[in-house]
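Colleague: need the 3D shape of this:
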Amino acid sequence: MLPQVPRRDLASLSVGESGDVAGLDGDGALVIRLAEMGFVVGTPVRLIKVAPLGDPLQFSLRGYHISLRRAEAARVRIA
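Modeller: This is a model prediction of the structure:
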């Protein structure tokens, strides 16, 4: 039996940590919007900073910064 690999998403990153987008969870308008913002498979993403109360999170991807709520970031799987 293969060992379980923990699921990683953008919300699990620490400041300065990065990963590549591996996919988007769910369906509907939010997932479409995330893809339109550039969260597509293979895109490198880095967590820049976290707001004082832990929400939102600021990421760097494709040459710009974007802020997402923790629940939205949890929809983006990373490798």
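Colleague: what bridges to the nearest residue to I78 once chain neighbours are set aside?
Modeller: Nearest residue to I78, sequence neighbours excluded (Cβ to Cβ, 6 or more residues apart in numbering): G19, at 3.3 Å. In this view, the C-beta of every residue, glycine as well, is placed from N, C-alpha and C. Per DSSP bridges, the residues bridged to G19 are V45.
Colleague: ok, now how distant is G19 from P44?
Modeller: 8 Å (Cβ to Cβ, to the nearest Å).
Colleague: cool, and V50?
Modeller: In terms of Cβ to Cβ, V50 sits 19 Å off from P44.
Colleague: give the residue from the two that has the larger number of neighbours.
Modeller: Counted by other Cβ atoms under 10 Å, V50 and P44 do not tie: V50 has more neighbours, with 15 against 12.
Colleague: spatially central residue in the chain, please.
Modeller: L10 (3.1 Å; Cα atoms, centre = their mean).
Colleague: can you pull the contacts of it?
Modeller: 19, 45, 47, 57, 59, 68, 73-74, 76, 78 (Cβ atoms under 8 Å, 6 or more residues apart in numbering).
Colleague: need phi/psi at it.
Modeller: Geometry field for L10 lists phi and psi as phi -60, psi -30, criterion degrees, to the nearest 10.
Colleague: and V15, what does it touch?
Modeller: 47-50.
Colleague: cutoff 6 Å now
Modeller: L47 (Cβ atoms under 6 Å, 6 or more residues apart in numbering).
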